[in-house]
Every structure is written in C-alpha cells, then in structure tokens.
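Engineer: need a structure here:
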Amino acid sequence: MLTEEQRTAAVASLLKSHETKIQGERPSEMFPDIEIEDSYAISSMVADKFVADGRKVIGHKIGLTSKAMQAASKIDEPDYGYIFDDLLLDDGACVPFENFCVPRVEPELTFILKEPLKGPNVGLVDVLRATEWVVPSIEIIDARVTEPRRIFDTVADNGAAAGLVLGGRPVRPEDVDLRWVGAIFYRNSGIEETGLAAGVLGHPAMAVAWLANKLAPFDVTLEPGHMMLSGSFTRPVWAKKGDTLHADFGPLGSVAVQFV
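Structural biologist: Residues are numbered from 1 along each chain as shown. Sure, this is the predicted structure:
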C-alpha cells in the first residue's frame, strides 16, 4: 500500500493533466508497489477535489465490462469511476478537441435509476426493477496518463471518464430485450465498429449489479436519479479534430458528438 504522501503525489499529477490536457506519468510507473486499493483511493481523492470545487457527482461509469474493451485495454476485470455534472453533453454537441489529451469514444447504454440499489447480492432483476430509463449514449474517454496503462492507472484516472452524450430514444427496461440492443458506430461516413449490448457481462444490467455489489463493503448506495453507464460493447474509436462520431442504435435511435 502507498503512503498518504505518495497518493497525494499521484493526485497532483492527475490534476495537472486535467488542467493542462497533457498526459502525465502513470501512477504504476511512479509507484511500482501500488495496489488496486490505492488506485480507488486516488480516484476518490481527485473526485473530492472536484466536488470541493463545485462539481456534482450525478452517477457512476462502469468500464471494461466487455471482452472487446478488455482486449483493447489489456485488462481483464471491470472498473468504475464517477460521472460529474459537467461531463454531461447534449446529443449532437460540438466539443473542442483541445479539451482532451487523446480522446476516444464508445457506444453504451446508460441506466437511470428510480430506486436505490445497494449490495451485496444485487442481481439482474433488482437492477431492472430499480431502473426508470435506459438511454442510448456515447461515452468520451480520455487517458490522462501515458501508455502502457495497467488496471491501477485506469482506476486512478477515474476510468478515463471525460464526457457522456445522451440521445436516441430512451426506453423502459421492460420494453426491450436489452441483450439484443445493437449499435453501428460511425466515424464521419465510415463504419468503425458494430456490437450487441449482450457483450457487456451477458446483459448490460449486470454491469450495474456488479457496481452495487462492488461498493457494498464501503456502505455506498447507488442513488435514485443517478446515471449508471454500463460499459462499451465495442472497441473504442479514436477521435480526431473535425470528426463526427455517430452511434446508430436502430429502433432506439441515434446519438452523435463532433470534435471541433
């Protein structure tokens, strides 16, 4: 385990990368003895600083929930981070490319809760019962640390969370078989990725269940009204300045974001 001084140094490095949009040193490179508990502590310390500065936590993101994402990241377990109010973007938003270090984008489903969820032993039906809406989404991820990243680095970096675009046609969880929700993901006019939501732990609601159970030992409840980003079911797509990224969810509509 790292000392408090070492954790504070990692936090300072990450905050500098957030400010300058220049990738910083990996926590696992700075401190080779880092453990996963250190990484979550560092992420929480960064989140506390953001909240103290006036940002508001509006949910959580669950990442690395599909084989595609685990293979792309060379990491074999899910992780989680925080969603802040200033990360929320309108469908079709034009975002400055300079706001990011190395942005990538992913199609996902966002669960908006109407009831609290608290582990342990939260299962699929519990998540569906507690969910008011499932919304087609694009997540922007942005690595604030250099390659090659390890799970310690991704976790410390808030799961690389950098933006959430909601759009399409929100649905009630009982109105569609969420396993079969598909997306065709375009960069400009070309198809980059396709996938099915079943790629997320067999059912995207299982990502939310995983998070509720993961947080149970810390006495954390997933709150009503909060958004739960369930993880990508395709590989991430790189975004360059001028690119428009467009996720077509078929019957659930489309969502897009442009980097300017």
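Engineer: Please enumerate the helices of the stretch 151-260 of the chain.
Structural biologist: 151-156, 205-215 (DSSP state H, counting those that start in this stretch).
Engineer: For residue 58, see how far away the closest residue to residue 183 other than its chain neighbours is.
Structural biologist: Using CB to CB, 6 or more residues apart in numbering and skipping residues adjacent in sequence, the residue nearest residue 183 is residue 107, 4.0 Å away. All C-beta spots, glycine's among them, are computed from the backbone N, C-alpha and C. Residue 107 sits 20 Å away from residue 58, going by CB to CB, to the nearest Å.
Engineer: The two: who's more crowded?
Structural biologist: Neighbours around residue 107 and residue 58, counted as other CB atoms under 10 Å, are more numerous at residue 107. The numbers are 28 against 18.
Engineer: Just want the most central residue of the protein.
Structural biologist: Nearest to the geometric centre of the chain sits residue 61, at 3.8 Å (CA atoms, centre = their mean).
Engineer: Would you agree that one is in contact with residue 78?
Structural biologist: No - if you go by CB atoms under 8 Å, residue 61 and residue 78 don't touch, sitting 10.4 Å apart.
Engineer: any residues in contact with both of the two?
Structural biologist: Common contacts of residue 61 and residue 78 (CB atoms under 8 Å, 6 or more residues apart in numbering): residue 231.
Engineer: circling back: phi, psi of the residue nearest to the centre of the chain?
Structural biologist: Main-chain torsions, residue 61, degrees, to the nearest 10: phi -110, psi 140.
Engineer: Please report the confidence value the model assigns to it.
Structural biologist: pLDDT, residue 61: 96.
Engineer: Excluding residues flanking it in the chain, which one is nearest it?
Structural biologist: residue 229 (4.0 Å).
Engineer: likewise residue 157?
Structural biologist: residue 144 is the one closest to residue 157 (CB to CB, 6+ apart), at 5.2 Å.
Engineer: before we move on, what about residue 236?
Structural biologist: Closest to residue 236 by CB to CB, 6+ apart is residue 104, at 3.9 Å.
Engineer: where are the low-confidence patches of this protein?
Structural biologist: The chain contains residues with pLDDT under 70 at 69, 72-76.
Engineer: how about 90 then?
Structural biologist: Low-confidence segments of the chain (pLDDT under 90): 63-79, 148-151.
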